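K.L.:
Only the shape, not the letters, is given here:
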DNA sequence: ACACTGTGAGTTTTT
DNA sequence: CTCACAGTGT
C-alpha cells in the first residue's frame, strides 16, 4: 500500500496496529487521512476482515466521508464494516436484542424535542409543580450520563423539589419504556447495559470487533468511553484520534478527561502526536496558539505550519452590528473579485441569533449564502407531523406521536377528550392508542370522531405492510387530507410546505429498495439521528454557521464575528467556570481558516431588543499579540473612555401604555336580554348588525349576525351585544 | 372547541 | 425581540 503521501508521524500512526494507540492530532494535521489509511492498511496489509472493524464518529457526515474514502483506497466488500456514529451503531445493535430490555425491535427514538414534550406532559401533574421542564431534561441527561447521581440533591433546590425531581426521573424512564421509546442517552446506556449484563452478547461483540477506531475522542462522554472500553477489552486494539484543544462539547457531557487520561486508562498505549498543520499558514496558527496556550491542563502540542507565511490576521471594530455585517459583506465581495468562490468562505458566530443581521447585509449585497443550524428541515411542523403519523403506524405505544396528530388535521378531538383518554389510559395502564380502541368504554362526546380516527389509523397500518415509506406518506397525506391544515396560508408558504413533504418522500425512497420489512423502522431511526450539517449541500454560497458546527470543516476565508465579552466568551460560560471551553471554541474557529482570517467586534450591540449597549472587547482578541494583527477599523478606538463619551442611553419607556383599553365587561344579567331573529344589534367592535339566526341553548346560545362587512357567529352569553331600538 | 391576545420567560452550543 | 403558554372571548 502506498503511504508515501503521509509524513513520518502519520505513517507511524497508520502502522501501529496492535494495542492501544492515542493519536493527538492538532487541527488540520490530516487526521482523517490517517484514519482512513489505517483502515485500508488493516484490510489490505494485515488481512483484517472489514466485518471485524468498528469505526466510530460523532456525525453521520464524518462517517459517510470516512467510508467513501476507505472505499477509494481498498478493493474489498465494505458492506459489513461498521463505520458509523455511536448513536446509530447502538440503535442498530439494540434492534437485534431489544426484547432483552423490555422493548420491541421497532422501538422509537425520541429526540431532545420529544424528550422535552414528554417531560412537559408528565409535569402537568400537580406533584411536579415548580419544576421547569427544560431544566429537568438537562438534569435527566446528566444523570443518565453519570454526571449527576439520581440521589444527589441539585444545588439551590429545596429538598422537597429534589424529591420530586427524582420521582420525575423515574416516571420519565417508566414512560419511555411504556411507549417503547428510547431517548438519545438511552441508546448508549442500554447498549452498555446489554454488554454488561449479557455475557453471550458481550463476548460476541468483543470477538467481532478486533479493531476499534474512534474519531474525535475528546468529545466522548463517560458512557461512550465505557462502551468502547468494554468492546475492545478482549483484543485491546483500540485506536483513538483526538485533540484535547478541540473539546467543545463539555456542556453536553463530553469528558475531556477521557483523552487526558488515555494512557492511564489503557496501559501500554502508544502516543503519537501529529503537529504538522497542512491547512493554515503560520500567522493564523500563531493566533490560534496565542489563544489556546493560556489553558493550563492540556496535552502539550506545538502545531506548526507546513505552509509559507501568509497575510496577517485582520481585525475590525465596527460601531454597531449592522456595520459589522456590512464590513463582512464588503470584504466578501472584495475577496470574491480575487477569484475565491463563495463556497470557500465562512462566517462564524457564537449564537444563531447573530446570523440575522449578517444575513440581511449579505442579501443587500447580493451575496448568496447557506445557513446551518436553527430550525432544520426535520423540525418543520409538517415534516414532524408526517413523521408522527409514521411513528404511530410503526409503534402504537408512542403516546407522543398519537398526541401530536390525533387532532391534526382538525377532527374535533379537543383537550377535554384527550384528558379523558389520558386518565382512562393511566387507570387501565394502557397506551393512549389502546384507550382509543376502547373509546366506547371511555365515553364522551367525541367518541364517533375517535372511532373514525382509529379506523383511519387501522387502514394506514394495514397499508404500511404493502407499501414503502414514501408511498405511505402519500397515503397519509391523501387519507387525512393533510394539506387542509395549511390551506389558509399564503401561496408561497403552502408551496414550501408541499416541497418539504416531497423532500421527506425523497429521503424515504432511499430505504425502499432494501429490506422491505424494516424499511419504515430504519427510515424513522435514521431520521431521528440525522443532524443539520449532515445535510450540507455543495451549492455555491457563503457558509453561515455557529462556531460549534464549524468543527471539522475548513475554508479559505473565515470571518469570526461578535468577539465581545459576554457574547464570545459567553457570559454564561464564564459565570459557570467554563471559560476554557470557550477558549477552545475560539481555537477551533481560528483553525478553520486556510488563507485569510477576519476577527470582528461591534462596539455596541443590541441584545434582545433592550436597546443597544456598549460592549467590551473579547479577551481572546487581547490574548493575541498585536504584531500578528492588522487593524482595519475606521472608527475611533475608545476603550478607555467607553463609559463616558457614549451617549447615555437610558431606555425610554412611556409612562403609560395605550395597550389597555376601557373594556366592555359583559354581565351575566345581560343574558336576560331577549335576542330574537331579526333584531338589530350593536357590537362593541363590529358595529351594527342584524341577527340572522339563533341556535343552541343556555350558555351555548349562538347568534349568527350579519354586520356591515361580515357575518359572525357570536355566543350570546359572552358577546358584547346590545339590542338597538330602531 | 378553537382563535386570539397578552404576558412571561429565555435565549449557546446538539448526537 | 421572539417564542411558548395561559387566559379570554366567541
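P.N.:
Cool, the structure landed. These numbers were taken from a predicted model, which means no experiment stands behind them. Residues are numbered from 1 along each chain as shown, chains lettered A, B, ... in the order given.

K.L.:
what about the nearest residue to residue A:392 once chain neighbours are set aside, which helix or strand?
P.N.:
Of all residues not flanking residue A:392 in the chain, residue A:401 sits nearest, at 4.1 Å (CB to CB, 6 or more residues apart in numbering). In this view, the C-beta of every residue, glycine as well, is placed from N, C-alpha and C. Assigned by DSSP states H and E, residue A:401 belongs to helix A:399-405.

K.L.:
Can you give the contact residues for that helix?
P.N.:
With contact meaning CB atoms under 8 Å, 6 or more residues apart in numbering, helix A:399-405 is reached by A:108, A:110, A:114, A:117-118, A:121, A:175, A:179, A:181, A:384-385, A:388-389, A:391-392, A:395-396, A:418, A:425, A:431-433, A:436.

K.L.:
anything in the next helix or strand after it near DNA strand B?
P.N.:
Proceeding N to C from helix A:399-405, the next assigned helix or strand is helix A:415-428, under DSSP H and E. Yes. For helix A:415-428, a contact with DNA strand B is found by CB under 7 Å from any atom of the strand, at A:415, A:416, A:417.

K.L.:
Please apply the same query to stretch A:434-449.
P.N.:
Yes. Stretch A:434-449 reaches DNA strand B (CB under 7 Å from any atom of the strand) through A:445, A:446.

K.L.:
returning to what we had before: quick one: distance of the helix holding residue A:401 to the chain centre.
P.N.:
21 Å (CA atoms, centre = their mean, to the nearest Å).

K.L.:
ok, back up a step: ok, and the most crowded of the residues of helix A:415-428 next to DNA strand B?
P.N.:
Neighbour counts for the residues of helix A:415-428 next to DNA strand B (other CB atoms under 10 Å) peak at residue A:417, which has 21 neighbours.

K.L.:
In the stretch 201-350 of chain A, what residue lies closest to DNA strand B?
P.N.:
Taking CB to the nearest atom of the strand, DNA strand B has its nearest neighbour within the stretch 201-350 of chain A at residue A:251, 4.0 Å off.

K.L.:
The spatially closest residue to that residue that is not a sequence neighbour and DNA strand C: what is the separation?
P.N.:
Spatially, and ignoring its direct neighbours in sequence, residue A:251 is nearest to residue A:578 (6.8 Å; CB to CB, 6+ apart). Distance check for residue A:578 against DNA strand C: by CB to the nearest atom of the strand, to the nearest Å, it reads 24 Å.

K.L.:
Write out the residues of the stretch 101-250 of chain A neighbouring DNA strand C.
P.N.:
Contact residues (CB under 7 Å from any atom of the strand) of the stretch 101-250 of chain A with DNA strand C: residue A:120.

K.L.:
these two touch, right, residue A:146 and residue A:222?
P.N.:
Yes. Assessed by CB atoms under 8 Å, residue A:146 is found in contact with residue A:222 at 4.9 Å.

K.L.:
between these two, which one's more packed in?
P.N.:
residue A:222 (18 against 15).

K.L.:
Just to check, that one is in contact with residue A:145?
P.N.:
Yes. Counting by CB under 8 Å, residue A:222 does reach residue A:145; the two are 5.8 Å apart.

K.L.:
so what's in contact with those two at the same time?
P.N.:
Here residue A:222 and residue A:145 share the contacting residues residue A:253, scored by CB under 8 Å, 6+ apart.

K.L.:
got any ranges where chain A has weak pLDDT?
P.N.:
Scanning chain A with the threshold set as pLDDT under 70 gives A:151-158, A:374-376, A:513-516, A:531-539, A:608-610, A:635-673, A:683-687, A:695-702, A:708-720, A:725-726.

K.L.:
switch the cut-off to 50
P.N.:
Applying pLDDT under 50 to chain A picks out residues A:638-670, A:672.

K.L.:
Quick one: list the elements packing against whichever strand or helix holds residue A:433.
P.N.:
Remark: residue A:433 resides in helix A:432-437, with elements defined by DSSP H and E. When contacts are defined as 3 or more CB pairs under 8 Å, 6 or more residues apart in numbering; DSSP states H and E, helix A:432-437 sits against helix A:399-405, helix A:415-428, helix A:447-466.

K.L.:
Could I get the ones you listed in TSV, plus columns for distance to residue A:43?
P.N.:
Formatted as TSV, these follow (distance: least, CB to CB, whole Å):
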stretch	distance to residue A:43
helix A:399-405	42
helix A:415-428	52
helix A:447-466	39
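
K.L.:
Tell me which of the ones you listed is the most buried.
P.N.:
Across the helices and strands packed on helix A:432-437, the average number of neighbours (mean count of other CB atoms under 10 Å) peaks for helix A:399-405, which reaches a mean of 23.

K.L.:
Check whether it comes into contact with DNA strand B.
P.N.:
No. If you take CB under 7 Å from any atom of the strand as the test, helix A:399-405 misses DNA strand B, and the best it gets is 13.1 Å.
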